[in-house]
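[1] What follows is a predicted protein model with its sequence.
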Amino acid sequence: MAIDVTALRAHFPSLDHGLAFFDGPGGTQTPRPVAEAIAETLTGPLSNRGTISPSELNAERSVTEFRAAYADLLHMPADAVVHGRSATQLTYDFARLLARGWGAGDEVVVSRLDHDCNVRPWVQAAERAGARVRWIEIEPTTAELDLESYERVLSPRTRLVAVTAASNVLGTKPPLRRIADLAHEVGALVYVDGVHYAAHHLVDVPALGADLFVCSPYKFLGPHCGVLTGAPELLETLRPDKLLPSPDTVPERFEFGTLPYEILAGARAAVDFLAAVDPGEGSSRRERLTSSLRSLHAHELALRTRLEEGLRDLGDAAVTLHSKARDRTPTLLMTLEGRDPREAQIQLAARGILATAGQFYAYEPFTALKLEGPALRMGLAPYNTADEVDRLLEGLAAFLRTSTA
């Protein structure tokens with residue numbers, strides 16, 4: 001059913017300022033229940049994890065509930081959920097771990113579609129190991145991955161394929177299951193950057209075919225941190241350097257030092273908030289998430305259609321939309337003929353509309369599409385409205401008028 005956007009927006013204090021946020025791909029706004037979960041955990045009582053005092057039990061509960069929530073969100077076992085400071089940090093950690101088994105003659109496949117956090121860690125790890133880096137190219141006219149180029153570089157020497165589930169700038173969603181199946185046929189592992197994808201779709205890691213999957217709660221209403229999950233049998237084989245007294249069990253062996261219990265509580269609260277948007281008749285949290293995210297997807301898709309139609313009305317000569325893939329998220333990247341997107345960002349901000357100009361760590365997509373300067377990115381989030389889309393379009397139209405005057 002259609003979500004009640006007015007009721008949903010009432011949970012976001014930042015929306016009271018009258019700003020229209022189209023910068024969600026860089027991090028969403030935070031609902032009050034997430035902030036309250038963080039504050040309540042911090043103000044305790046709170047100690048290091050244990051089983052005796054109330055403060056120890058509160059810390060233990062924040063960890064247990066965090067793992068259970070992300071097990072439901074990602075459709076994975078709770079003991080396969082790893083906390084990290086960020087998706088970038090987790091990817092570097094696991095690149096170093098996996099590269100221990102690589103050597104001369106081995107190959108690693110990365111994609112031109114990806115955010116640099118799922119490119120550079122693998123490129124650098126491969127270079128240190130003496131392995132060869134191979135590339136999946138982008139088809140410039142469609143902004144989709146060139147699967148023929150993927151099939152050409154895949155071989156029995158491939159050890160790992162790193163690919164995004166959705167581009168953070170173009171929104172392109174590659175056919176992940178097909179990519180994973182082909183990789184598995186030659187015995188390669190598949191590492192999936194799900195940071196942008198998880199902000200717009202219910203994740204099912206086994207169904208996607210990912211051996212390792214990483215996401216970031218702050219992209220879907222939570223606090224700043226990263227979450228990684230993977231096949232339990234794979235995680236058991238990976239042994240990072242660690243302090244001697246620290247736990248050697250999975251997932252604790254991958255988490256260094258004292259965990260940020262308040263951040264874990266906030267990340268758990270973000271999952272519960274999403275599950276409550278439109279829970280339907282679901283009895284389990286996974287079922288409630290399925291219903292809610294289906295409704296949120298429909299809401300965002302309707303807004304994307306409205307935005308795209310409005311951009312077309314501005315004229316192809318004025319606006320070049322680079323988000324062209326058939327299957328994509330509600331994130332649009334565009335350039336403005338003869339105009340600086342940074343000036344557009346400034347003028348939109350003066351109207352209380354936040355859409356960001358930049359490269360967004362998408363070095364490879366920008367290079368592949370021959371985008372030499374910044375581009376304007378507009379991303380839709382659960383709290384956006386049709387009126388805000390119209391404000392954005394009016395702001396862009398005003399900018400185009402003033403910049404041609």
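    Nice, thanks for sending it over.
[2] from here on, contacts and neighbour counts on C-alpha atoms
    Will do.
[3] buried residues in stretch 204-224?
    204-206, 208-224 (16 or more other C-alpha atoms under 10 Å).
[4] er, stretch 102-112 I mean
    102, 106-112.
[5] what does it rub up against?
    Residues from elsewhere that reach stretch 102-112, judged by C-alpha atoms under 8 Å, 6 or more residues apart in numbering: 118-119, 122-123, 126, 129-138, 145, 153-154, 157-163, 364-365, 368.
[6] What ranges in this protein fall below the confidence cut-off?
    Residue ranges of the chain with pLDDT under 70: 1, 403-405.
[7] mind redoing it with 90?
    The chain contains residues with pLDDT under 90 at 1-2, 315-318, 337-338, 372, 401-405.
[8] would you list every one of the helices in it?
    5-9, 32-42, 54-74, 87-99, 120-129, 147-153, 176-185, 205-208, 232-237, 261-275, 285-314, 341-350, 363-368, 386-404 (DSSP state H).
[9] if we can go back for a sec, sort out for me which of the buried residues of stretch 204-224 are in strands.
    Counted as lying in strands by DSSP state E, out of these, are 212-215.
[10] What is the nearest of these to His11?
    Comparing those against His11 with C-alpha to C-alpha places Cys215 closest, at 23.4 Å.
[11] so that closest one sits right up against Ala87, yeah?
    Yes - counting by C-alpha atoms under 8 Å, Cys215 does reach Ala87; the two are 6.1 Å apart.
[12] Common neighbours of these two, please.
    Joint contacts of Cys215 and Ala87 (C-alpha under 8 Å, 6+ apart) are 195, 226-228.
[13] Just the CA atoms of stretch 21-33, as PDB, please.
    Extracted in PDB, the C-alpha atoms of stretch 21-33 (Å, rounded to 0.1, in the frame of the first residue of the first chain):
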ATOM      1  CA  PHE A  21      17.300  16.900   1.000                       C
ATOM      2  CA  PHE A  22      18.300  15.300  -2.300                       C
ATOM      3  CA  ASP A  23      21.700  14.300  -1.000                       C
ATOM      4  CA  GLY A  24      20.700  11.000   0.400                       C
ATOM      5  CA  PRO A  25      23.200   9.000  -1.600                       C
ATOM      6  CA  GLY A  26      25.900  10.700   0.500                       C
ATOM      7  CA  GLY A  27      24.000   9.900   3.700                       C
ATOM      8  CA  THR A  28      20.400  10.200   4.800                       C
ATOM      9  CA  GLN A  29      18.700  12.200   7.500                       C
ATOM     10  CA  THR A  30      18.200  10.500  10.900                       C
ATOM     11  CA  PRO A  31      14.900   9.700  12.500                       C
ATOM     12  CA  ARG A  32      14.300  10.400  16.100                       C
ATOM     13  CA  PRO A  33      14.100   6.800  17.200                       C
END
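[14] Run through who's touching it.
    Applying C-alpha under 8 Å, 6+ apart, the external contacts of stretch 21-33 come out as 11-14, 168, 196, 218-223, 269-270, 273, 331, 353-356, 377-381, 384.
[15] And those residues, which of them are buried?
    11-12, 14, 168, 196, 218-223, 269-270, 273, 331, 353-356, 377-381, 384.
[16] Ser149 and Leu380: what is the separation?
    Noted for Ser149: a distance of 31 Å to Leu380, by C-alpha to C-alpha, to the nearest Å.
[17] Over to Leu333?
    Leu333 is 12 Å from Leu380, where distance means C-alpha to C-alpha.
[18] same deal with Met76?
    27 Å.
[19] Equivalent analysis for Thr331, please.
    6 Å.
[20] so what sits against both of those two?
    Common neighbours of Thr331 and Leu380 (C-alpha under 8 Å, 6+ apart) are 25, 304.
[21] Just send the ones in strands among the buried residues of stretch 204-224 back as CSV, with distance to Ile38 too.
    Shown next, in CSV, are these (distance: C-alpha to C-alpha, whole Å):
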residue, distance to Ile38
Leu212, 28
Phe213, 25
Val214, 22
Cys215, 20
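[22] among those, which two are most distant?
    Within these, Leu212 and Cys215 form the most distant pair, 10.5 Å apart (C-alpha to C-alpha).
[23] list the residues that contact both of these two?
    Common contacts of Leu212 and Cys215 (C-alpha under 8 Å, 6+ apart): Leu228.
[24] Let me know how buried Thr402 is, in neighbour terms.
    Neighbourhood size, Thr402 [other C-alpha atoms under 10 Å]: 9.
[25] go on, Arg312?
    Residues near Arg312, counting by other C-alpha under 10 Å: 14.
[26] how close does it get to Leu400?
    As judged by C-alpha to C-alpha, Arg312 and Leu400 stand 13 Å apart.
[27] Ala267 too?
    Ala267 is 40 Å from Leu400, by C-alpha to C-alpha.
[28] more neighbours, the two?
    The residue with more neighbours, out of Ala267 and Leu400, is Ala267; 33 against 18, by other C-alpha under 10 Å.
[29] How about the contacts made by the residue lying closest to that one once chain neighbours are set aside?
    Of all residues not flanking Ala267 in the chain, Gly222 sits nearest, at 5.1 Å (C-alpha to C-alpha, 6 or more residues apart in numbering). Gly222 makes contacts with 28, 30, 34, 266-267, 269-271, as judged by C-alpha under 8 Å, 6+ apart.
[30] I'd like those residues written out as JSON lines, with distance to Ala69 added.
    Formatted as JSON lines, the contacts of Gly222 follow (distance: C-alpha to C-alpha, whole Å):
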{"residue": "Thr28", "distance to Ala69": "19"}
{"residue": "Thr30", "distance to Ala69": "18"}
{"residue": "Val34", "distance to Ala69": "13"}
{"residue": "Gly266", "distance to Ala69": "11"}
{"residue": "Ala267", "distance to Ala69": "9"}
{"residue": "Ala269", "distance to Ala69": "9"}
{"residue": "Ala270", "distance to Ala69": "9"}
{"residue": "Val271", "distance to Ala69": "6"}
